[in-house]
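1. here's my sequence, what's the structure:
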Amino acid sequence: MIPTWTEPLAAAASKPIGGPLGAHALVGRHWFWTPLRVVLLLAIVTLTFSWFGKAACIQQTGSDDGAASLDWSSSRQYVAMCYSDVVPLYGAERLDQERFFPYRDGWLELSNGDGGMTSVTMYGNGEWYRVASDVTGVDATGSEYEITPQNRFAVDGDQLRFANGHVVDLAEGDEVRFMEYPGLTGLFQWAMASTTHAWQDGVRAGILPGAIPVAIYFNLSALFLAFAWLATVWSVARTGRRRPWDAALVALSPLVVAHAFTNFDTLATACAAGGVLAWSRRRPWLAGALLGIGAAFKLYPLFLLGPLLVLCLRAGKLRAWTGCALAAIGTAVAVNLPLALRYPDGWYEFIRLNSERGMDPDSLYNVVRVFTGWGGFDGPLAPGQTPTTLNTVAAVLFLLCCAAIAAVGLSAPVRPRVAQLAFLVVAAFLLTNKVWSPQFSLWLVPLAVLAIGHWRLLLGWMTIDALVWVPRMYFYLGVDNMGLPEEWFLGAVVLRDLAVVGLCALIVYEIYRPSADPMRAGGEDDPAGGVLDRARDVVTLGLGRPSTDRTPVPVGADDGGPDDGGSGADGGGASGEGPDGTSGGAGLDSAGGAAPR
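-> Sure, this is the predicted structure:
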């Protein structure tokens, strides 16, 4: 695929450098520059811009005693739109303390009797904890109590049980807190914090350049998050072997500029994209292992098992799916089990907080609440109270969407591509979930590029989604500080959601009219399909009978039913041939090894 021939956006962008590729141009003859290397270079440039976008939030200022500290004065993080969770989490999750280990250690947030809260670090040793410094709190009866580093205590629900037999009932709003991220994400943060402490040792020894610790921590984290996104780009380029230039949209995505370093999600996207690549290369066990590792960073990579199940059921390839699923679940369990067994309270914190979390500002539920005055499914909730009805509704809606996607996958005239159903499932989760954090949109980018062959539409959606960051920051700034009212922000959220729904509708349209799918041009069936690629159908819904042949549908051909001899699932023609009778493995960009292998 030559982008400047097939994509109007690429053709227009090529004008400053001479216009589209000529008909007699030599392709793939350069000794170094391949599409993959060019795309990776573009990704590095984009990630550099992303770092500069966050750099304003690691500026330092001097205090009266001459010590340097982080400068977030005048709500800099919102005014400069540079906010990143990585920065405040360094102190909030106690990562700035050298002895602290996530999941084993945590912190207490206690009422202090003055209407405020006191926070103190606690270090664990088995079931017992000790505080890092003296702390005074007020219990549920209003009585004052003190905890010193010499006191050992255990956490028992809403009580602190001391080794001497004394029991304290925590006041309403008091909390025992731990690392709030899944296992590998928490360990990644700890590894970056440990590296930061080692770097500071180098600074004190005069070996390394110095900065405030949180700036060192952010820069180290950003470096590895950037590597993870480069791995995502590499995987997408390698998966779409005949269309390697599509990965340029992953590399240049406006969402990368906005959110590559907002949180730790590029770690999960790298695993998910790597899992899709491994599946496309007919390595289901490796694919499952990568999806399982990804689930230990963020849960969503496990969602890809659903589309694979539907497509493997249709193609009679359940053995491959079983291997992938066992590897994914086994890997996720193997990673989480040591933490869950050794530090059960700390490991469970992520699950607890997510179950107790209410509707986020940018969820559809909050949009309805604000614009209609609706009180929510559960009404007013006390701190720590679980929104049971909201959780149930979100789960049921997601499962209903998954059932509808499964029906689409089994009833389409030609088996859908893996990336198409994967995008639909992840998009359905984000649209129905009670939380859509801004960086979650990165989950969709590699799947969208593999699923949709329309550059302008993809770039338009990514731009809309990235621009939601602007009203979000000024909504957080507050109207009293010359920010924006919530309705402006929610209006942008609605536009983003409509853009995602539009992409879903396009995918469904192309599933039922495969001749309109650009990804099938040139004799392609499913580049990410692996064992599914060109496989015959075994189980279908409403197609009369399963297909016995799998011939790709060229763009512009008659869709044809499964029995009409056209180019549908049962259409004639030799498997693997393109519309011009040439081998489906040959293409415009395969000459001279230009396409990555």
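
2. give me the neighbour count for the residue nearest to Gly210 when sequence neighbours are not counted.
-> Excluding the flanking residues, the one nearest Gly210 by C-beta to C-beta, 6 or more residues apart in numbering is Val203, at 4.0 Å. Backbone N, C-alpha and C define where each C-beta goes, glycine included. Residues contacting Val203 under the criterion other C-beta atoms under 10 Å number 15.

3. what strand or helix carries Val203?
-> For Val203, the enclosing helix or strand under DSSP states H and E is helix 183-204.

4. just checking, what packs against that helix?
-> helix 213-239, helix 265-280, helix 284-297, helix 318-342 (3 or more C-beta pairs under 8 Å, 6 or more residues apart in numbering; DSSP states H and E).

5. one more pass at 10 Å, please.
-> helix 86-92, helix 213-239, helix 265-280, helix 284-297, helix 318-342, helix 344-356 (3 or more C-beta pairs under 10 Å, 6 or more residues apart in numbering; DSSP states H and E).

6. just put those helices in CSV and tack on mean neighbour count.
-> Below are the helices and strands packed on helix 183-204 laid out as CSV (neighbours: other C-beta atoms under 10 Å):
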stretch, mean neighbour count
helix 86-92, 19
helix 213-239, 23
helix 265-280, 27
helix 284-297, 25
helix 318-342, 17
helix 344-356, 16
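
7. mind checking which of these is nearest Glu172?
-> Closest approach to Glu172 among the helices and strands packed on helix 183-204 is made by helix 344-356 (14.4 Å; C-beta to C-beta).

8. residues touching the closest one, excluding its own?
-> Here helix 344-356 makes contact (C-beta atoms under 10 Å, 6 or more residues apart in numbering) with 101-106, 124, 127, 129, 154-155, 176-183, 185-186, 299, 336-341, 343, 381, 383-388, 391, 434-435.

9. pLDDT-wise, which helix or strand of this structure ranks last?
-> helix 3-6 (a mean of 61; mean pLDDT, DSSP states H and E).

10. for the most centrally placed residue in the chain, what are its contacts?
-> By C-alpha atoms, centre = their mean, the chain has its centre lying nearest to Trp443, at 3.6 Å. Under the criterion of C-beta under 10 Å, 6+ apart, the contact list for Trp443 reads 265, 268-269, 272, 298, 300-301, 303, 423, 426-427, 429-430.

11. coming back round to it: buried subset of the contacts of helix 344-356 as a ChimeraX selection?
-> Filtering the contacts of helix 344-356 down to the buried ones (16 or more other C-beta atoms under 10 Å) takes a single ChimeraX command:
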select :101,102,103,104,105,106,124,129,155,176,177,178,179,180,181,182,183,185,186,336,339,343,387,391,434,435
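
12. shaky segments in the protein?
-> Within the chain, the segments meeting pLDDT under 70 span 1-2, 4-7, 9-15, 17-31, 542-597.

13. for the one helix or strand Tyr129 maps to, packing partners?
-> Following DSSP H and E, one finds Tyr129 within strand 128-131. Secondary-structure packing of strand 128-131 (3+ C-beta pairs under 10 Å, 6+ apart): strand 106-111, strand 117-125, strand 144-147, strand 153-156, strand 159-162.

14. out of those strands, the one nearest Arg238 is which?
-> Proximity to Arg238 (C-beta to C-beta) singles out strand 106-111 among the helices and strands packed on strand 128-131, at 41.2 Å.

15. between that closest one and helix 344-356, how many degrees?
-> Counting by axes from the mean of the first three to the mean of the last three C-alpha atoms, to 10 degrees, strand 106-111 lies at 60 degrees to helix 344-356.

16. starting at the chain centroid, how far to stretch 456-475?
-> 16 Å (C-alpha atoms, centre = their mean, to the nearest Å).

17. got it, and stretch 167-183?
-> 27 Å.

18. now do stretch 114-131
-> 32 Å.

19. now swap in stretch 211-224 and tell me
-> Computed by C-alpha atoms, centre = their mean, the chain-centroid distance of stretch 211-224 equals 21 Å.

20. over to stretch 503-516?
-> Using C-alpha atoms, centre = their mean, the offset of stretch 503-516 from its chain centre is 24 Å.
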